[in-house]
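Asks: sequence and predicted structure, then a few things I'm wondering about:
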Amino acid sequence: MRLVQETPYRFRLDRTGPMRVPGVVFASATLLLEDEALRQVANVATLPGIVRASYGMPDLHWGYGFPIGGVAATDVEQGGVVSPGGVGFDISCGVRLLASDTRRDGLPLHRLMDLLGDTVPRGAATGALWTLSGRPELEAILRDGARHAVGQGRGVPRDLERCEDFGALPGADPAQVGARAMERGLGQVGSLGSGNHFLELQTVEQVYDEAVAAAFGLRAGQVCVMIHCGSRGLGHQICTDHVRAMDKAMAGYGIDVPDRQLACAPVESPEGRAYLGAMAAAANYGRANRQALGQAARDAFSSIAGARLDLVYDVSHNLAKIEEHDGRLLCVHRKGATLALPPGHPGLPGDLRLVGQPVLIPGTMGTASYVLAGVAGGEAFHSTCHGAGRTQSRHQAARAISGKELRARLESRGIAVRGLGWRGLAEEAPSAYKDVDAVVAASEGAGLCRRVARLVPIGVVKG
DNA sequence: ATGTCC
């Protein structure tokens, strides 16, 4: 793949063969760009109705069909398609950040971590914080997301002002969620899952913009809770089901894609509408999940430390949304790419209108996480990076370091670790990821966002 | 990411 560097942080992938638009990758010269991921950027550029470019964020890496760190928008009124591969298996995977009213000094960290370690459900399919009253309540969650959770006392009304789409993505259609997905979803509301998902205690190590940080409720030295998780088995099953349906239907629409994993259908088709309805339901499930987990963190902080947690924001980095850009209705796929609304955007609550959307970037266990803000003038439909981005496979990572050694290293740096298995811990070693500081610097350099605060971990709860 | 293969 031939990349042409146009500016320090922007690379162009010229149109060749069936590409309808060029590729554009935001990165810096030192960030590794896998050839397979660039091939996927080019493949996405062939999708019917794609507009402007197939974009890659600085944390770009290989994924299912679409690259992770990919953004692609299609024109709904020009036969534009929606593709489940452009969202990913973990629909609505995202991050929630809560800020406490306390500093690390005097915080009973280990007692707090013991309680969180004992009470936060994580790992494969075992337990959840919220026992639903039945299928109707699951349907309420699919329709209303975090709003339903708050309505049931799992949070306060102000939380919804600090959630993407004010807590619920419109258009959710529980009827498009298959029986198996419903079954899997019933017992997992309020659970982290595994892999790179976590609940971390972090401290604000550096503030880059005092005024914006203050508007977000952040200040140096403050203890925060970051939660990174998604829609668990429900979202996974929805993706599986709808990829299959689109794979079958695609030929009937005359759609030909270079990779079967790019299965798609026009937004304005029965398959397209069905997927978007189910995807929105999974999005709301993910939000209710993070709302429930955030409430558990509040309970722990309150009982152990007498401390309060206020929601900074909750935002997804795996979603497709119907949005208006330059007068056109677009289906914007963000897969491993975070929504970053600029100042003045109507999607923001009044008190964030002047500063832009809080953008939450989870790092790895041993490294920093970031709070960024959306900016005006970004090129990729109000999107930016989503995290460090893997450089090693899970297998490679586990071969390079043992979980025991990793835990010992983290503990020696004052990071309390509450894991589940050694193998899972090793697979998530920071050495298996890109340098999140470089990813964020490139994202800012490319004009996609700006830095507000850098957070460092002091306690990690992992699946 | 995922009851890591129905």
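Replies: Looks like it came in fine.
Asks: isn't A:Ala282 right up against A:Ser231?
Replies: Yes - between A:Ala282 and A:Ser231 there is a contact under Cβ atoms under 8 Å: 4.4 Å. Placement of C-beta: from N, CA and C, glycine included.
Asks: the more surrounded of the two?
Replies: More crowded of A:Ala282 and A:Ser231, by other Cβ atoms under 10 Å: A:Ser231, with 35 against 30.
Asks: please name the residues that touch A:Ala280.
Replies: A:169-173 (Cβ atoms under 8 Å, 6 or more residues apart in numbering).
Asks: that one: what's its closest spatial neighbour, skipping adjacent residues?
Replies: A:Ala172 (3.9 Å; Cβ to Cβ, 6 or more residues apart in numbering).
Asks: with A:Lys321 instead?
Replies: Closest to A:Lys321 by Cβ to Cβ, 6+ apart is A:Val332, at 5.5 Å.
Asks: so whichever helix or strand the one you found is part of, near DNA strand B or not?
Replies: Using DSSP states H and E, A:Val332 maps to strand A:328-335. No - judged by Cβ under 7 Å from any atom of the strand, strand A:328-335 makes no contact with DNA strand B; its nearest approach is 11.6 Å.
Asks: check the offset of that strand from the chain's centre.
Replies: 16 Å (Cα atoms, centre = their mean, to the nearest Å).
Asks: ok, now stretch A:9-22?
Replies: Distance, centroid of stretch A:9-22 to centroid of chain: 26 Å (Cα atoms, centre = their mean).
Asks: got the contact list for that stretch?
Replies: So stretch A:9-22 is contacted by A:1-6, A:23-28, A:33, A:38, A:41-42, A:45-48, A:50-54, A:58, A:258, A:442, A:445-447 (Cβ under 8 Å, 6+ apart).
Asks: rerun at 7 Å
Replies: Contact with stretch A:9-22 is made by A:1, A:3-6, A:23-28, A:38, A:41-42, A:45-46, A:50-54, A:258, A:442, A:445-446, as judged by Cβ atoms under 7 Å, 6 or more residues apart in numbering.
Asks: kindly report the same for stretch A:455-463.
Replies: So stretch A:455-463 is contacted by A:104, A:109, A:113, A:116-117, A:120, A:122-123, A:192-194, A:197-205, A:224, A:365, A:368-369, A:371, A:414-420, A:424-425, A:428 (Cβ under 7 Å, 6+ apart).
Asks: that stretch close to DNA strand B?
Replies: Yes - with Cβ under 7 Å from any atom of the strand as the criterion, DNA strand B is reached by stretch A:455-463 at A:Gly463.
Asks: what mean pLDDT does that stretch have?
Replies: Averaging pLDDT along stretch A:455-463 gives 95.
Asks: stretch A:372-383 too?
Replies: For stretch A:372-383, the per-residue pLDDT averages 96.
Asks: do the same with stretch A:185-195
Replies: Rounded mean pLDDT across stretch A:185-195 is 96.
Asks: same check on stretch A:109-128?
Replies: 93.
Asks: buried residues, it. List them.
Replies: A:109, A:112-113, A:115-117, A:120-123, A:128 (16 or more other Cβ atoms under 10 Å).
Asks: what of stretch A:336-348?
Replies: A:336-343, A:347-348.
Asks: quick one on the thing from earlier: ok, the residue nearest to A:Lys321 - contacts?
Replies: A:Val332 neighbours (Cβ under 7 Å, 6+ apart): A:71, A:73, A:320-321, A:323, A:381.
Asks: change it to 10 Å
Replies: A:51, A:71-74, A:86, A:319-323, A:325, A:339, A:380-383 (Cβ atoms under 10 Å, 6 or more residues apart in numbering).
Asks: distance of A:Asp114 relative to DNA strand B?
Replies: 23 Å (Cβ to the nearest atom of the strand, to the nearest Å).
Asks: for A:Asp209, same thing?
Replies: 30 Å.
Asks: can you get me a residue count around that residue?
Replies: 17.
Asks: got phi/psi on it?
Replies: phi -140, psi 100 (degrees, to the nearest 10).
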